[in-house]
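Chemist: Show me the folded form of this:
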Amino acid sequence: MVLSSEARAYQRLVRVLAKARSGGMEILRGDVCVDLIWHRARRAGDLDKRVGILLDALQGVAYVKDAQIRELHAKRSDRRTAPGRIFVTITPLTPEE
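Modeler: Next comes the predicted model:
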């Protein structure tokens with residue numbers, strides 16, 4: 001897939017913000033669970049498109065590769081509590097038996 005210049009700029013911003021918020025945390029190497037809530041600034045845009053670009057942007061910052069994602073929980077909110085923001089929580093998972 002070829003990303004638009006807007007999508008590439010968004011990914012750069014995500015990486016900068018994630019590095020700043022992580023406080024020097026090590027990159028996770030095992031399976032992870034990603035929970036995210038996207039508070040749309042306006043009623044436009046698809047959740048699935050936003051999720052893919054975001055998960056790719058977090059590679060090398062929060063985890064090594066997005067193939068480590070074993071669980072994914074995504075929610076779109078149209079409430080104006082935090083317009084234009086995405087809240088992401090990444091939790092390491094124990095190995096499956």
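
Chemist: Hmm, Leu55 and Val88 touching each other?
Modeler: No. If you go by CB atoms under 8 Å, Val88 and Leu55 don't touch, sitting 9.3 Å apart. All C-beta spots, glycine's among them, are computed from the backbone N, C-alpha and C.

Chemist: okay, and the common contacts of the two?
Modeler: Counting by CB atoms under 8 Å, 6 or more residues apart in numbering, the contacts common to Val88 and Leu55 are Val34.

Chemist: Show me where the protein has its strands.
Modeler: With strands called from DSSP state E, the chain shows them at 32-39, 69-77, 85-92.

Chemist: report the angle between the axes of the first one and strand 69-77?
Modeler: In terms of direction (axes from the mean of the first three to the mean of the last three CA atoms, to 10 degrees), strand 32-39 departs from strand 69-77 by 10 degrees.

Chemist: And strand 32-39, what does it pack against?
Modeler: On a contact count with 3 or more CB pairs under 8 Å, 6 or more residues apart in numbering; DSSP states H and E, strand 32-39 meets helix 47-57, strand 69-77, strand 85-92.

Chemist: and the ones you listed, which is most packed in?
Modeler: helix 47-57 (a mean of 16; mean count of other CB atoms under 10 Å).

Chemist: Output that helix as PDB, restricted to C-alpha atoms.
Modeler: Only the C-alpha atoms of helix 47-57 are listed here, as PDB (Å, rounded to 0.1, in the frame of the first residue of the first chain):
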ATOM      1  CA  LEU A  47     -11.700   3.300  12.200                       C
ATOM      2  CA  ASP A  48     -10.100   0.400  10.300                       C
ATOM      3  CA  LYS A  49      -7.900   2.800   8.200                       C
ATOM      4  CA  ARG A  50      -6.800   4.800  11.200                       C
ATOM      5  CA  VAL A  51      -5.900   1.600  13.100                       C
ATOM      6  CA  GLY A  52      -3.700   0.200  10.400                       C
ATOM      7  CA  ILE A  53      -1.700   3.400  10.000                       C
ATOM      8  CA  LEU A  54      -1.300   3.800  13.800                       C
ATOM      9  CA  LEU A  55      -0.100   0.200  14.400                       C
ATOM     10  CA  ASP A  56       2.400   0.500  11.600                       C
ATOM     11  CA  ALA A  57       3.600   3.800  13.100                       C
END
